[in-house]
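Asker: Need the 3D shape of this:
(one chain, ligands or ions: 1)
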Amino acid sequence: MPKSVLLCPPTFFDVTEPKNPYMRLPIDHVRAQHQWENLRHALEQSGLKVETIDPVKGLEDMVFAANQVFVGHHDKIGKFIVPSRMRFPSRHKEVAFFVEWFRQRGYKIIELDLAGEYLEGHGDLLWHPDHSKIWAAYGFRSTPGGVEKFARAMQDLGFPVVTLQLVDEFCYHLDTCLCPLNNEAALIYPGAYSPESLPKLRAGWKRVHELTREEAHQFLGNGIVTNGRYITPHLTDNLAAILDKEGLQPVVVDTSEFEKSGGSAFCMKAFLE
Ligand code: ARG
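Answerer: Numbers count the residues shown, from 1 in each chain. Sure thing, here's the model as predicted:
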């Protein structure tokens, strides 16, 4: 279980161009700041150390700290990152700021040749909780070629990668439709996957709990599992029953301003160690 997490304050957060079907104006900036502080507080309350990266003017999506790099740890090479190549040009510049942040803290940088491809960090790349493998998806943001290059590099390090295809534009990132709860159980929205991908996903877990379309589109699968808690933007009877079965306590944190940009709790952080 990670002990610390990286966040980026929403100082310059905004919606400036449509990058996903959720994006809408206006943003209430005071409310956004307040919601971000509440998320930070919920993470700290769960026992995590919160680190921050300085926000940069003009980089309105930098608050979504899950996307700019993939973070990992390897027995031999130690802690490492794989920098992303974001699909939208307006997000390209974010990556260098994150890479620098990690470089200064001693992370090894595994640079892939992503020319012509896209790869969006933990938006589309999720560790199995025991780090025995990585779940990776393409379809709307990361490209098949980007995921393939990532998979080859990770396989070289001994981490198998299972590749999935996403088909629902409201679930444009894997972190909106797959949330690992523990080594045996995951929360999924089945409608987000191609017919070939769904069996691959199901085969990887002893227990697969399903969210409805409405729940997935309200980011109930974009929660953060931390120290026996599940930080979620909303709670339904279905989700409450699932969390109860898996021994997780729900913690509701309103992220409505960030949902107007197509993201919620999971998107707003990167797990460190
Ligand atoms: N507005 C951002 C974008 O479209 C939201 C990113 C959400 N991040 C995530 N990991 N799902 O790029």
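Asker: alpha carbons only for contacts and neighbour counts from here, please
Answerer: Will do.
Asker: near the ligand, which residues of the chain show up?
Answerer: 19-20, 61, 64, 66-67, 123, 173, 175, 261-263, 267 (CA under 6 Å from any ligand atom).
Asker: What subset of the residues you listed is buried?
Answerer: 20, 61, 64, 66-67, 123, 173, 175, 261-263, 267 (16 or more other CA atoms under 10 Å).
Asker: okay, the residues you listed in JSON lines with secondary structure and pLDDT next?
Answerer: As requested, those are arranged in JSON lines below (DSSP: H, G, I helix; E, B strand; the rest coil; pLDDT from 0 to 100):
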{"residue": "Asn20", "secondary structure": "coil", "pLDDT": "98"}
{"residue": "Asp61", "secondary structure": "coil", "pLDDT": "98"}
{"residue": "Phe64", "secondary structure": "coil", "pLDDT": "98"}
{"residue": "Ala66", "secondary structure": "coil", "pLDDT": "98"}
{"residue": "Asn67", "secondary structure": "coil", "pLDDT": "98"}
{"residue": "Gly123", "secondary structure": "helix", "pLDDT": "98"}
{"residue": "His173", "secondary structure": "coil", "pLDDT": "98"}
{"residue": "Asp175", "secondary structure": "helix", "pLDDT": "98"}
{"residue": "Ser261", "secondary structure": "coil", "pLDDT": "98"}
{"residue": "Gly262", "secondary structure": "coil", "pLDDT": "98"}
{"residue": "Gly263", "secondary structure": "coil", "pLDDT": "98"}
{"residue": "Cys267", "secondary structure": "helix", "pLDDT": "98"}
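Asker: Redo these as JSON lines? Include distance to Arg87.
Answerer: Output for these, formatted as JSON lines (distance: CA to CA, whole Å):
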{"residue": "Asn20", "distance to Arg87": "11"}
{"residue": "Asp61", "distance to Arg87": "13"}
{"residue": "Phe64", "distance to Arg87": "14"}
{"residue": "Ala66", "distance to Arg87": "14"}
{"residue": "Asn67", "distance to Arg87": "11"}
{"residue": "Gly123", "distance to Arg87": "12"}
{"residue": "His173", "distance to Arg87": "12"}
{"residue": "Asp175", "distance to Arg87": "16"}
{"residue": "Ser261", "distance to Arg87": "15"}
{"residue": "Gly262", "distance to Arg87": "15"}
{"residue": "Gly263", "distance to Arg87": "16"}
{"residue": "Cys267", "distance to Arg87": "16"}
